[in-house]
Structures are given as C-alpha cells and as structure tokens.
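Here's my sequence, what's the structure:
(chains A and B)
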Amino acid sequence: MSEKKDIDEVSGVSTTGHEWDGIKELDNPMPRWWVWTFYATIVWAIGYTVAYPAWPLVSSATQGVLGYSSRSEFSTTMDVVSAQQADLRQAIADKSLEEILADETLRRFATAAGDAAFKVNCSQCHGSGAQGSAGYPNLNDDDWLWGGDIESIHQTIAHGVRFAGDDDTRFGEMPAFGDILSADEIRQVAAHVVSFTGTPSDPALAEAGAQVFADNCASCHGDNGQGDITFGAPNLADAIWLYGSSEREIAAQVRQPKHGVMPAWQARLGDPTVKQLSVYVYSLGGGQ
Amino acid sequence: MTLVTNNAASNDVERLDAEAVNSAGKRQSLYAARKKIFPKRASGQFRRFKWLIMLVTLGIYYLTPWIRWDRGPYAPDQAVLVDLANRRFYFFFIEIWPQEFFYVAGLLVMAGIGLFLITSTVGRAWCGYTCPQTVWVDLFLVVERAIEGDRNARIKLDGAPMSVNKLGKRFSKHLIWLLIAVATGGAWVFYFADAPALLIDLVTGQAAPVAYITIAVLTATTYVFGGLMREQVCTYMCPWPRIQAAMLDENSLTVTYNDWRGEPRTRHAKKAAAAGQTVGDCVDCNACVAVCPMGIDIRDGQQLECITCALCIDACDGVMDKLGRDRGLISYATLSDYNANMALATAGGTDAINPDRVRNENGRLTDKVAHFRWKKIFRPRTFVYFGAWSLVGLAMLYALLTRDRLEVNVLHDRNPQYVLLSDGSVRNGYTVKLLNMIPEPRVIVLSLDGLPGATMNVVGLDQAEGRSASVPVEPDRLREVRIFVTLPADRLDEAGERFSFVVEDKASFESDVYRASFNIPEASR
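Below is the predicted model of the structure:
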C-alpha cells in the first residue's frame, strides 16, 4: 500500500490518479464547513429517525417518540376546524331557513357546506352543476315540480319523492293512460300538449286532443297545462321538459309514464345538512 | 535603526510590520485556520467618502420605516411597508397589489443592469462602498477600534494572555456588536408592519413570534458576518467577485498599484539612489497592506479578494505626500492607461521598469503619463448598458403612470354552461371580480354592452333586473359578485354571442371592459 502520491506540478496538490487526455483530477480536501455540515446532517438524521416514524419493521414501522403521524395531524386539524365552526353549525341547527337566508354569514356558510354535501350525495343524479339530465330535474332553472320556495325545497330533500321508506314523502303518480285511452286519443292529446308552447304537427289533431285533455288531464295538470305542485304535476305550458318535448316523447309518457324516485335525506344526513343543501339548491338561481 | 537614520526621506515614514494574509504567492491549505486581519485606520478622501456613504446607507436602512405618508383613513400611513398579511406593498405614493409584482421584477432587472453599468465603468464600486457586508464590517471595525485601539494595540491585545482588561474589552466589543446586530434585525421587521406599534409590541413581548425569529436570525447573521467572518464572506461566500471578472474590461476603473513608477521598490531609497541604483516611488512601507480589510497586498496586482474599498489609495497617498512625491502610486486606473504607462516605463517592453522614464528631474511625473479621463466612461458598452437600463426604467414608469386602479375579471360558469328557463329564455351565470385598487370606497357601475335584450341581476344586491347595476366596493379591496344574465327567448337567434361587461367609476371616469361570451342551447342557434 505504499503507493507513491502523484503530486500535480502546477498546484502542488496531490491527484486522485485519474487522468483524461493529460488533465488530472486534483484531490483537494472538502471545505471544512461542508464536512461539518455533512456530519451535522448525519447526527440530525439519527435524531429524526428516533423522533419520527422511520424504520420499517416486518408488519409495521417504528412510531417515533413524538408519536407523530400525518393521519393524526389531519384529524387534529379537522377537529380544530370543526370546533371553530361549532357556533355556525349550532346556529344552522337552531334557526329556521328564513333566518339562515337573512343572515349573510350563515347563508354563505350553509351554501358552501351545502355545495360540498351536494357533490357527495346529489351529483350522481342531478349532475355536479345541478344541471340534471333526462328524468332528473335541473335545479338551476325556475321550474319546480314540488315548489321552489325554501321550505318546499327543504321538504323535498328531507323526505324524498315517491320514496317507500318515508311516510312524509312527496307522492304523485300519473296513471298509465295506455290502458285508458286509445292510441289515437293519445296521439291527439300529445299534439294538444305540444300546442301549449309550440306548433303541433297537425293542428286538427291538437284540436281533437283538447277534449281528451280536459276529460283526463286537466284535473291534475290544470286547464291550460300549468301543472300543480300539490301533486308534483309538471307544468306542460313551459319550455322545460323532464322526459322530452317531442310529440312522440310526450305520447310515450302518457301511455306508460316514468316516475323518478328520490331518497329521503333527513334520516341519513340529519337536519342541519339537509338545511345546508336546501340553502345551496335555493342559491343556484331558480329559488322562489 | 541605524539604517533608517541614514535615510532622510523615509525618516518620516513608519515602516509597518504588515504582511498580506491572503496572497496568491503563498496560498494556504484549505484546512488552515483563518489568519486574523487587523486593518489599520486609514484617512484621506476615500475614507471620508466612505464615512459619508455609510451614514447615508445606514440612515436609509434604519430610518425609512419611520417615515410617515398620509394615504387617508383606509390605508396605512407608513411610507414604505410590505404588508404581507393583506398582500399589499406600499412605497410612498405607489401601492402595489400582488399581481403587479412585476414592477419589483423590473426593479431587479434594473438593479442587475445597473450593476453591469457600474462595474464596467468604476469597477467593483458596489463591493467597496455600498454592499451591506462592507458597510457593516466598517461599522463593526469602528467599534473594535474604539474599544481595543488601532492595529498595533489590537495585535498586542490578541496575543496577550487573558486578563481582566482583555476580558473587559472583548466583552464590551462583542456586546456592542450584538446590540448593533439586534438593531439591524430589528429595523428589518419594521418594514413589514406599522413601525411604532410593532416597536411597542416588541418591547412588551406581544409581537408575533415570526418577528422575534426574524430578528434573531438577522442578529445572528449580522453578528457572524460583520464581526466574525468579515472578509471571508466576500472571498468564499459571495459569487460577485467571480462574476465581476467577466464584467471588467480594459477601460474599467480598478484599484491599481502602478508598478511602472513604484518599482523597483526599496526601503532605503536614498542609500540606493546614492549608490546609483534605479529607485521606484514605493518605499515598501506596507501602509497599503496594513489598512486593507481584506488582508491582501494590492501590489500583487488585481485579485479576486480586492473589494476596491480604496483605503490603500488613502494610505499610500499619505505616504507620497510625506515623501514629496506625486499621489497615485496606488490609484484608480484603467488597464489601458496602466499598459500605456507601463510601456513608457519599460521603453515599450524592451527593458526592466525604470521609473526615471516617467519622472522628470524633480521626481515628479512627466506629462507623457496617462491619467484617467472621465470621457472614457462614454463608450459603446456603457451606452448599451445605460440604454437597456433606461428602457426598462422608462417602460416601468410608463406602466406605473398609466396603470389601472379599477379592474374587472369575469369567470363564466361552465357547469352548467347555460340554464333554460321556463319561459324559454336562457340564463348564464358569471362570477365577476371587481377590483377597487385605491384606498377609497367606490361605487362601481357594472353594465352590459352588446347582447341586445339581455338583462342582468346581481345576486344578493337587491337591485331591479336591468342592463346595469351599482356595486359598492370597499376601499382597496376586491369584491366578488355572482351575476345572472338572462336573454329572452325571442332574442336568442339574433344575439351575437360576444358581449362586454363594462365597469365604470362615475366619479373618476375610470373604466375597464371584459369581453365575455354568452352560451345558448344548441337547438336555439
């Protein structure tokens, strides 16, 4: 091992012995501050692995003497936030919907919380923007099957629509007129319904349908097709159609109506959350 | 001592037992302990100039947070304030919001180009005069000198065994250093909060922890950098000495030892002259080495460690005055002047340096010697730097003078893109952000331009549906409002999709426009 050190002539520093095209690598020592910083990081790392979870074991890992975990930090943070929001949550539980809407702070808190609850529980059917789709009502517009004031919205969310598990659920069912009316009568009444807002395919057909409508439909949908929120009977004289606006689609709905079901949320989410959802839906732009 | 008495001229000149600590000639091992430097007090024009610079820079640093500037009741009255909590930066009459931070970027660009400009003309003037490291080291040296005495006394004290006297001096020196360091860190935090209120909070222990932590960190860095590390910061930590080498050219001023008149140096000039030898102006008194805060010998030539503080010029000029020689043996000189004079002294490089070629019979410099002329500053390179610097500055000034203090930003709802209403009309939702960027409350009139027949409704404002609405906005705040724009069914086909939100302040006639679009169902197109 008594290898002779190769000293670079120019700098007087020993080399590592590596040489590329006559260029030698000098073996200058590390700067002392660097070396001491390096040692310090090693010491720090030892302390760190003792204090924090670090060493993998067979089925777990060392916990560290500080007992830290990101999961407990998260739950602590959530507890702190919950504690900070306790007053607001209590106020929402205690106050009426009208009072919540009148209070700017409560309204904003309820809207934000309702938004979050909506994304988790409601968006599957109504869409993430509450825009609905065929068979699922759009909650942004001003057309409401069961009423668009805050109390009606709350009632609908709390007890659902045609939901078997809730005695107070909204209930209204249209008979299947395929068994009652002839195929011609159904075509006539569909043309008549179209004539409320648009141009039917055949005016004579629509005129013939007027009597069919008056005899069979007006009791729920009104003389002019304006609907009735008591039975959840849709307004047939507006631009919004749950199951389509063509004569064919209307005829299909007369013959064999589809009825959507919405679960009751009161029992599942609790009243404060339902209140928040109500405030959120009310704020979407169509609230009455 | 007998030798000295033989030499009448150098009788007046004290020869200093000084040696360059940092010298290319005897570069130490990287593991060698630092050799202490005991800079001797210098006096002269550059020292006086540096005192003045120190007074001005420290004055700006310590006093700026205490300047008041009235901005009315809705904004702080501190002239310079970085309000991190509210994300505002105040600089006298200028208020900057976070999105206007590019002004600060512009200032940094100007500082960068300015540094190029300064370096290409007067060399490392930043290092020598205004760099905080230089200024604070100077301040710390004043304290050290006042307590422990000048160079020789300090060397003696350093070598003396520990005693009550030495301990007392060291204790008071470090105590005053720490007090200065605390004041330095303390002044920094005043830029980030209302200074008088923060001072009371700091003293009573009620200030935010981050304020104390910042002061502690800056106290530590000031004390360590200014008191303990000193020249090592410049030599080992600072990148600027490396960069400056690329910035200098043959017409840049650097502190130069003019060996074309100084060599051959001798401590016994008269004796040597009497013996018929050639004698340069340098009497090798080491005054330049003794005053150097970087511990170098400028006579080794331009080197990385030199911060061009010019104290060696002062020291040498004092000696030259005593000797009755021309000042400027060490001087600010450009490389081209130096080369010209060197050619003169060496007869075009054919001979060794002979100062007699540049001196007349009185020992004064001849007229052939080149001196620096200010005209040399004006050369293409400095014009380019100055032009770039001015362009950035003018562009920033223009942007600042014409910037908007009223802005509107609009987010169009994407989910849902539109809402069909029961009467067949179509509604679009927008989130509109109104920025009132002055410290006064304003009523901003928001109106629709284009989209005939459309009306709008500001949610929560309780105003009638219409083409415009008045939105009150708090001073110096952003207000976010939800807006529903509704287009009637019979106007859907004739409506162009593009329209504008126009915001106006009817009092100041400021306005801003946001071009928005309106979505309608595919079937209605």
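
Per the annotation, how does chain B divide into domains?
Domain ranges of chain B: B:1-37+B:247-372, B:40-246, B:406-524, per automatic domain parsing.

count of residues packed around residue 146?
With no chain named, the answer covers chain A. A count of neighbours around A:Trp146, defined by other Cβ atoms under 10 Å in any protein chain shown, yields 17. In this view, the C-beta of every residue, glycine as well, is placed from N, C-alpha and C.

actually chain B
Other residues within reach of B:Ala146 by the criterion other Cβ under 10 Å amount to 11.

What residues sit buried inside the helix or strand that contains it?
Using DSSP states H and E, the secondary-structure element containing B:Ala146 is helix B:132-148. With burial defined by 16 or more other Cβ atoms under 10 Å in any protein chain shown, the residues of helix B:132-148 counted as buried are B:133-141, B:143-145, B:147-148.

I'd like to know which elements whatever helix or strand comes next after that helix is packed against.
For helix B:132-148, the following helix or strand on the C-terminal side (DSSP H and E) is helix B:151-159. Judged by 3 or more Cβ pairs under 8 Å, 6 or more residues apart in numbering or on different chains; DSSP states H and E, the packing partners of helix B:151-159 are helix B:132-148.

quick one: the helix it packs on to chain centroid distance?
The chain centre lies 20 Å from the centre of helix B:132-148; the measure is Cα atoms, centre = their mean, to the nearest Å.

Show me what counts as buried in the longest strand seen in chain A.
Ranked by number of residues, the top strand in chain A under DSSP state E is strand A:15-20. Within strand A:15-20, the residues that qualify as buried are A:Thr15, counting by 16+ other Cβ under 10 Å.

Would whatever helix or strand comes next after that strand count as contacting chain B?
Scanning forward in sequence from strand A:15-20 by DSSP H and E, the next helix or strand is strand A:23-26. No. Strand A:23-26 stays out of contact with chain B when judged by Cβ under 8 Å from any Cβ of the partner chain, the minimum separation being 11.4 Å.

for the strand or helix carrying A:Ser72, packing partners?
Here A:Ser72, judged by DSSP H and E, is contained in helix A:70-94. Counting by 3+ Cβ pairs under 8 Å, 6+ apart, the packing neighbours recorded for helix A:70-94 are helix A:104-121, helix A:271-283.

try 10 Å
The helices and strands touching helix A:70-94, judged by 3 or more Cβ pairs under 10 Å, 6 or more residues apart in numbering or on different chains; DSSP states H and E, are helix A:97-102, helix A:104-121, helix A:271-283.

Next to chain B in this structure, residues from the stretch 51-200 of chain A, please.
Residues of the stretch 51-200 of chain A found near chain B, taking Cβ under 10 Å from any Cβ of the partner chain as the criterion, are A:104, A:107-108, A:127-132, A:138-144, A:197-198.

how about 8 Å then?
When proximity is defined by Cβ under 8 Å from any Cβ, the stretch 51-200 of chain A lies next to chain B at A:127-131, A:138, A:140-143, A:197.

Start from the N-terminal end of chain B and give the strands.
In chain order, chain B shows strands spanning B:80-83, B:88-91, B:94-96, B:254-257, B:330-333, B:406-412, B:419-420, B:426-436, B:442-449, B:455-458, B:468-473, B:477-487, B:498-505, B:510-517, with DSSP E as the criterion.

How far away from the center of its chain is the first one?
Here the centre of mass of C-alpha atoms in strand B:80-83, compared against the chain's by Cα atoms, centre = their mean, lies 18 Å away.

That strand pairs with which strands, and in what direction?
Next to strand B:80-83 in the sheet, as set by DSSP bridges, lie strand B:88-91 (antiparallel).

Show residues contacting the longest strand of chain A.
Here strand A:15-20 makes contact (Cβ atoms under 8 Å, 6 or more residues apart in numbering or on different chains) with A:6-8, A:24-27.

Among those residues, name the buried ones.
A:Lys24.

Which pair of the contacts of strand A:15-20 spans the longest distance?
Spatial extent of the contacts of strand A:15-20 (Cβ to Cβ) is set by the pair A:Ile7 and A:Glu25 at 13.1 Å.

sorry, back to before: what's next to the helix holding B:Ala146, contact-wise?
B:39, B:41, B:50, B:53-54, B:57-58, B:127-128, B:154, B:157, B:169, B:172-173, B:176-177, B:180, B:184, B:222, B:225-227, B:230-231, B:233-234, B:238, B:293, B:307, B:309.

Throw together a PyMOL command that grabs the buried residues out of those residues.
To isolate the buried subset of the contacts of helix B:132-148 in PyMOL, counting by 16+ other Cβ under 10 Å, use the following:
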select buried, chain B and resi 39+50+53+54+57+58+127+128+154+157+169+173+176+177+180+184+222+225+226+227+230+231+233+234+293+307+309
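
Inside helices: which ones of the contacts of helix B:132-148?
Members of those lying in helices (criterion: DSSP state H): B:50, B:53-54, B:57-58, B:154, B:157, B:169, B:172-173, B:176-177, B:180, B:184, B:222, B:231.

ok, back up a step: just the CA atoms of the helix holding B:Ala146, as CSV, please.
This file holds the C-alpha atoms of helix B:132-148, laid out as CSV (Å, rounded to 0.1, in the frame of the first residue of the first chain):
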residue,chain,number,x,y,z
PRO,B,132,-24.1,45.8,3.3
GLN,B,133,-21.3,43.4,4.1
THR,B,134,-18.7,46.2,3.6
VAL,B,135,-20.8,48.9,5.4
TRP,B,136,-21.5,46.7,8.5
VAL,B,137,-17.9,45.4,8.7
ASP,B,138,-16.8,49.1,8.6
LEU,B,139,-19.2,49.8,11.4
PHE,B,140,-18.0,46.9,13.4
LEU,B,141,-14.4,47.9,12.9
VAL,B,142,-15.2,51.4,14.2
VAL,B,143,-16.5,49.7,17.4
GLU,B,144,-13.4,47.4,17.6
ARG,B,145,-11.0,50.3,17.1
ALA,B,146,-12.8,52.5,19.7
ILE,B,147,-12.5,49.8,22.4
GLU,B,148,-9.3,47.9,21.6
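
Now it: average pLDDT?
Looking at helix B:132-148 alone, the average pLDDT works out to 94.

Stretch B:263-275 too?
Looking at stretch B:263-275 alone, the average pLDDT works out to 82.

Ends of it, what's the gap?
16 Å (Cα to Cα, to the nearest Å).

pLDDT value on B:Phe378, please?
Turning to B:Phe378, the model gives it a pLDDT of 89.

And B:Glu305, by the same measure?
The per-residue pLDDT of B:Glu305 was computed as 88.

With B:Gln28 instead?
Looking at B:Gln28 specifically, the model assigns a pLDDT of 67.

middle-most residue in chain A, spatially?
In chain A, the C-alpha nearest the mean C-alpha coordinate belongs to A:Lys119, at 1.0 Å (Cα atoms, centre = their mean).
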